[in-house]
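Asker: Quick one: sequence plus predicted model below, questions after.
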Amino acid sequence: MQTLRLNAGQVEEAAAVLRRGGLLGIPTETVYGLGANGLDEGAVGRIFAAKGRPQDNPLILHIPSADRLERYCRDIPAAAYVLAGRFWPGPLTMILRRKPLVPDAVTAGLDTVGMRCPAHPVCRAILAAADLPVAAPSGNTSGRPSPTTAADMLEDMDGKIDAIVDGGPCAVGVESTIIDLTERPPRLLRPGGVTLEELEAVLGEVAVDPAVTRLMGAGEKPRAPGMKYRHYAPKAPVTVVKGAPAQAARYIRRHIGDADGVICFNEFVPLFEGHPVEPIGPAGDPAEHARRVFDALRYFDGTDVQRIWAQCPDPVGIGLAVSNRLNKAAGFHIVRAE
Ligand code: AMP
Ligand code: MG
């Protein structure tokens, strides 16, 4: 299949791809998504095939506004509308009870569905023009880091999807926050662009799923099916080094092997001369780390590094999402520099 390259102005062409059951690479403010008509089982099935995604890992349904929630969801709690009023359009996915209209292929047979209203203007224009709920996961091959540019997505999906719309680099850079509103208290399943602190300010108590901060044990059943899979991982093993930035950088410098690469804060690049280095922004700027982290992880797949050492922001604000993605990329192989 030849993958058509569309620009941000070709909204009608993009919507036509969705309407005829095709696969579309879509820019969102979080990461690029792999979208299809969420009411068409066949189209949704092709998303799983293109990504090599396990069938039991459900997708998110993207809608243009909160007033569409009732079409696809039932027993919607008042909190959903409060959250939508505060954070939509934006990087927040709410888990709600689904109506029978939503195909099993989207929800992996679950009684719930993930709903999101994205903020990217091009994505919004496509959703409006297609007039369909768009089912989409991130646009990477299953297991790889999520794509934050059209070029990154084409690296994985060229020839496997009908078209991709280039909407520029993603402003947030990590996937949406997922909050399960079918539980009490609501449960954070994935940290993302909307922070835990912001959710707590609206909802009061929020439970944080254990899978956000640690590796699930062999006998544990994850709440979100996606949590059990290896994620975001480059080919070389990753070691995350926590601790004060300067200490962590010195720790890496002491332990680094000749053939190793580094993901570090901008300030510490000179410490690693002679090694492949991906700076992810100044130490104090976790929003920039979020924008750069996936691209940094991807970069090393084009090198022959033996190991990747990674600095990591504190797990507060959007730093929680960055830390979660790096920890997962490392298979929770984390050391602390004291
Ligand atoms: P991705 O953004 O590529 O990670 O794909 C969508 C994410 O949403 C996956 O992590 C899914 O496990 C999660 N998800 C989608 N629907 C549900 C649901 N009904 N319950 C829990 N998690 C969900
Ligand atoms: Mg994904």
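Answerer: Arrived safely. Ligands and ions are numbered 1, 2, ... in the order given.
Asker: rest of the way, CA atoms for contacts and neighbours
Answerer: Noted.
Asker: neighbours of E183, just the number please.
Answerer: When neighbours are defined as other CA atoms under 10 Å, E183 has 12 of them.
Asker: Quick check: it vs N37, distance?
Answerer: 28 Å (CA to CA, to the nearest Å).
Asker: Also P54?
Answerer: For P54 relative to N37 (CA to CA), the value is 19 Å.
Asker: again, but for H333
Answerer: Taking CA to CA, one finds H333 at 38 Å from N37.
Asker: One more: G192?
Answerer: The gap separating G192 from N37 is 25 Å, by CA to CA.
Asker: and what of K221?
Answerer: From K221 to N37 the distance is 30 Å (CA to CA).
Asker: Quick one: name the residues of this protein near ligand 1.
Answerer: 57-60, 95, 107, 112-114, 137-138, 175, 224-226 (CA under 6 Å from any ligand atom).
Asker: what do you get if the cut-off is 5 Å, keeping everything else the same?
Answerer: Residues of the chain lying near ligand 1 by CA under 5 Å from any ligand atom: P58, L59, I60, T112, V113, G114, P137, S138, A224, P225, G226.
Asker: hang on, isn't the second one packed against G114?
Answerer: Yes - between L59 and G114 there is a contact under CA atoms under 8 Å: 7.1 Å.
Asker: and those two? which has more neighbours close in?
Answerer: Between L59 and G114, counted using other CA under 10 Å, the more crowded position is L59 (26 against 23).
Asker: Report the contact partners of that one.
Answerer: V106, T107, A108, G114, A135, A136, P137 (CA atoms under 8 Å, 6 or more residues apart in numbering).
Asker: just to revisit the earlier point, so which of the residues of the chain next to ligand 1 comes closest to D152?
Answerer: Set against D152, the nearest of those by CA to CA is S138 (11.5 Å).
Asker: What does that closest one show for phi and psi?
Answerer: Torsion angles at S138 (phi, psi; degrees, to the nearest 10) stand at phi -70, psi 150.
Asker: Which residue is the nearest non-sequential neighbour of it?
Answerer: G33 (4.3 Å; CA to CA, 6 or more residues apart in numbering).
Asker: Model confidence score at the one you found, please.
Answerer: The per-residue pLDDT reported for G33 equals 98.
Asker: residues near it, how many?
Answerer: G33 has 28 nearby residues by other CA under 10 Å.
Asker: And the one 5 residues further on, by the same measure?
Answerer: G38: 24 surrounding residues under other CA under 10 Å.
Asker: Please name the residues that touch it.
Answerer: V44, L61, V102, P103, V106, L132, P133, V134, A135.
Asker: What's the biggest strand in the chain, counting residues?
Answerer: Determined from DSSP state E, the single longest strand within the chain is strand 92-98.
Asker: Restricting to C-alpha, output that one in CSV.
Answerer: C-alpha atoms of strand 92-98 as CSV (Å, rounded to 0.1, in the frame of the first residue of the first chain):
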residue,chain,number,x,y,z
LEU,A,92,-7.5,13.6,29.1
THR,A,93,-9.1,10.2,28.4
MET,A,94,-12.0,9.2,30.6
ILE,A,95,-13.0,5.6,31.1
LEU,A,96,-16.8,5.3,31.2
ARG,A,97,-19.4,2.6,30.8
ARG,A,98,-20.1,2.0,27.1
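Asker: in that strand, what's buried?
Answerer: L92, T93, M94, I95, L96, R97, R98 (16 or more other CA atoms under 10 Å).
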